[in-house]
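[1] output the structure for:
(one chain, ligands or ions: 1)
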Amino acid sequence: AAPAAPTLYSQLGGEAAIAKVIDTFLTVVGGDPRIAPSFAGANLPRLRTLLVEQVCEATGGPCKYTGRDMKSSHAGMGITEAQFNALAEALYTAMDREGVPYALQNRLMALLAPMHRDIVTR
Ligand code: HEM
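    Purely as a prediction, here's the structure:
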């Protein structure tokens with residue numbers, strides 16, 4: 001049999017590398033006036049943990065996401081298309097800063113983009 005294809009998780013460099021991307025992402029979000037205000041009341045340490053779990057699991061890593069589903073956790077926030085796009089841009093910026101190759105950036109984004117339908121509510 002052909003050897004198993006490497007997971008996106010392992011190509012990204014595993015959990016430590018993903019955690020660095022998430023830390024940088026949260027820094028970029030905090031500096032972006034289009035989206036920073038939305039996170040003013042957020043529990044950032046908890047959010048960090050959940051984002052690392054979510055990306056780790058979605059990319060085929062050994063983690064289990066323990067947070068709420070995307071629909072209930074973003075309900076009532078009135079998130080716009082523009083805010084969603086700003087957040088995606090922040091993730092690209094963070095991945096650039098952490099040296100993630102562009103092809104891998106797009107593969108991760110392709111996994112997260114479908115969550116759009118549960119997150120954008122206006
Ligand atoms: C693909 C896009 C997104 C992903 C993958 C994502 C992921 C997550 C995750 C995993 C959580 C934690 C769920 C939980 O509390 O159990 C969360 C919470 C949250 N998200 Fe998102 N999110 C996205 C887009 C956005 C956007 C566009 C905004 C606003 C501009 C936003 C604002 C928030 C806020 C404020 C929380 C709650 C934090 C707290 O209450 O502590 N998210 N998100």
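
[2] helix/strand/coil for the residue of the chain at minimum distance from the ligand?
    Closest to the ligand within the chain is residue 67: 3.1 Å, counting by CB to the nearest ligand atom. C-beta coordinates here come from the backbone N, C-alpha and C atoms, glycine included. Taking DSSP: H, G, I helix; E, B strand; the rest coil as the rule, one finds residue 67 in the coil state.

[3] residue contacts, the closest residue to residue 7 other than its chain neighbours?
    Spatially, and ignoring its direct neighbours in sequence, residue 7 is nearest to residue 60 (3.3 Å; CB to CB, 6 or more residues apart in numbering). With contact set as CB atoms under 8 Å, 6 or more residues apart in numbering, residue 60 has these partners: 7, 8, 9, 10.

[4] follow-up on the earlier one: what's the burial count for the residue of the chain closest to the ligand?
    When neighbours are counted by other CB atoms under 10 Å, residue 67 registers 14.

[5] okay, now the nearest residue in space to it that is not next to it in sequence: neighbour count?
    In space, and not counting its chain neighbours, residue 67 is closest to residue 50: 3.9 Å by CB to CB, 6+ apart. Residue 50 is flanked by 17 other residues according to other CB under 10 Å.

[6] in what helix or strand does residue 50 lie?
    Using DSSP states H and E, residue 50 sits in helix 44-58.

[7] list the buried residues for that helix?
    Residues of helix 44-58 classed as buried by neighbour count (16 or more other CB atoms under 10 Å): 47, 48, 50, 51, 52, 53, 54, 55, 56, 58.
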